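1. Have a look at this prediction, sequence included:
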Number of protein chains: 2
Amino acid sequence: MRTGKGVEWAVHTLLNLAWLGGGEPVPTAQLAAGHELSPSYLNKQLQLLVKAGLLESAPGATGGFRLARPLDTMSMLDVVLAIEGDEPLFRCSEIRQCGTIGQRCPDGDFTRPCSVKIAMGRAEVAWRKALAEQSLADVQARSETYVPAMAKRVRQALGRD
Amino acid sequence: MRTGKGVEWAVHTLLNLAWLGGGEPVPTAQLAAGHELSPSYLNKQLQLLVKAGLLESAPGATGGFRLARPLDTMSMLDVVLAIEGDEPLFRCSEIRQCGTIGQRCPDGDFTRPCSVKIAMGRAEVAWRKALAEQSLADVQARSETYVPAMAKRVRQALGRD
DNA sequence: GAAGAATTACTCGGATACTGCGTGTCCGAGTGTAACGGG
DNA sequence: CCCGTTACACTCGGACACGCAGTATCCGAGTAATTCTTC
């Protein structure tokens, strides 16, 4: 069980768009070249971000993608849910109701939720909470603390200077 | 991204073994029939629990699986790691070092860890902490709070009374 | 020289293949039990 | 009747297929800039 690589791609791309600044759309090809990614597959992930309202897309010759809103209004959870979908990490199949054990229990036994589901759900809530508490602006700020010239590097690498 | 169904199977099976009580091994076939699971595949998961030290296996005619230690010394995290492996949820490919952006950065820029990896790692720590704080005994206790006759049901269903 | 239409080049967007992991199954090695024969 | 031997039935353990989601790719619809023609 592990997240797809789309999440990593999406976060880095959002950060790069923020560092570039300006409202002009940036085409997928440039964003992909920035980190040596497959342009077509990156495009697929960016479309998910558009559907989630994190990006805006512009068609045509000068088209591309731009941020739909500032990074401090986007959480890591927003990105993960946009890419991976909002299905729960743990899927309870209610096997407690099946088999010789489940059949021996009267229906009343299942009015309360499955305790295994509850335990796994608690962990998932903690995971989501930790993701929601971190905005993309926080991640960006940490990067700039480590490498102050990051914005300049990105602008130069993508030829926007 | 979601956990395999092996986790659900393993937890329920461990609980059932605890409710059965007694140190006698229980064969996979009985445990699988308890929740209408595939015996062969359940066996595969139980072998992982043995490798992790949560179960003990006994071969031969009267063989099967038994708990290696009390439930209050097993955490939900132990089970998840045993089944899913201890690889991180988020795999950082270090794409920040690749492409036109990565190549423009001097090596010194990468001495500090990737901020995206840090953010995702924090969430994973929260997830693991929440799992580690819940022992299987806690889960068992909650089940018995909801259904006090649970132990009796299991013993009857598996013909140990 | 300016305005308008046709052309072109570039973009996103979705439909289409491929790969790897989760899922499921099968058969062999090993062991305790039970039956059996001999003392 | 008791003990040793043999055959057996049942178990775990690992090796072998299958299916689906993640991964990767390609081509068409659409748009803005550009060029060319005409007034």
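-> Arrived safely, thanks for sending.
2. Tell me where chain A has strands.
-> For chain A, strands defined by DSSP state E occupy the ranges A:55-58, A:64-67.
3. so, in contact with DNA strand C or not, the first one?
-> I take that to be strand A:55-58. Yes. Judged by C-beta under 7 Å from any atom of the strand, strand A:55-58 comes into contact with DNA strand C at A:57, A:58. Every C-beta, even on glycine, is put in place using the N, C-alpha and C of the backbone.
4. what residues does that strand touch?
-> If you take C-beta atoms under 8 Å, 6 or more residues apart in numbering or on different chains as the criterion, strand A:55-58 is touched by A:14, A:17, A:25, A:46-47, A:49-50, A:63-68.
5. And these, which of them are buried?
-> Buried residues within these, counting neighbours by 16 or more other C-beta atoms under 10 Å in any protein chain shown: A:14, A:17, A:25, A:46, A:49, A:64, A:65, A:66, A:67.
6. Tell me how far the spatially closest residue to residue A:26 that is not a sequence neighbour lies from residue A:7.
-> Ranked by C-beta to C-beta, 6 or more residues apart in numbering or on different chains and with sequence neighbours excluded, the top spatial neighbour of residue A:26 is residue A:64, at 4.5 Å. Residue A:64 is 21 Å from residue A:7, where distance means C-beta to C-beta, to the nearest Å.
7. Kindly report the same for residue A:24.
-> Computed as C-beta to C-beta, the residue A:24 to residue A:7 distance reads 26 Å.
8. and those two? which has more neighbours close in?
-> Neighbour comparison, residue A:24 and residue A:7: the larger count goes to residue A:7, with 22 against 11 (by other C-beta atoms under 10 Å in any protein chain shown).
9. wouldn't that one be in contact with residue A:78 here?
-> No. Shown here, residue A:7 and residue A:78 do not form a contact pair, counting by C-beta atoms under 8 Å, at 11.3 Å.
10. Tell me the buried residues in stretch A:123-132?
-> For stretch A:123-132, the neighbour count (16+ other C-beta under 10 Å) marks A:123, A:124, A:126, A:127, A:128, A:130, A:131 as buried.
11. To clarify, my last question referred to stretch A:137-154.
-> The neighbour-count check on stretch A:137-154 (16+ other C-beta under 10 Å) flags A:137, A:138, A:139, A:140, A:142, A:143, A:146, A:147, A:150, A:151, A:153, A:154 as buried.
12. Correct me if wrong: the fifth one contacts residue B:117.
-> No. Contact criterion C-beta under 8 Å: residue A:142 and residue B:117 do not qualify, at 10.7 Å.
13. Tell me which residue in chain A sits closest to DNA strand D.
-> Closest contact between chain A and DNA strand D, by C-beta to the nearest atom of the strand, is at residue A:4 (2.6 Å).
14. list the contacts for residue A:114?
-> Counting by C-beta under 8 Å, 6+ apart, residue A:114 makes contact with A:92, A:94, A:96.
15. repeat for residue A:37
-> With C-beta under 8 Å, 6+ apart, residue A:37 has these contacts: A:9, A:31, B:95, B:99.
16. follow-up on the earlier one: and the residue of chain A closest to DNA strand D, its phi and psi?
-> phi -70, psi 160 (degrees, to the nearest 10).
17. what's around it, how many residues?
-> A count of neighbours around residue A:4, defined by other C-beta under 10 Å, yields 14.
18. Could you tell me how far it is located from residue B:91?
-> Residue A:4 sits 9 Å away from residue B:91, going by C-beta to C-beta.
19. just residue A:135 next, same as before
-> In this view, residue A:135 and residue B:91 are 23 Å apart by C-beta to C-beta.
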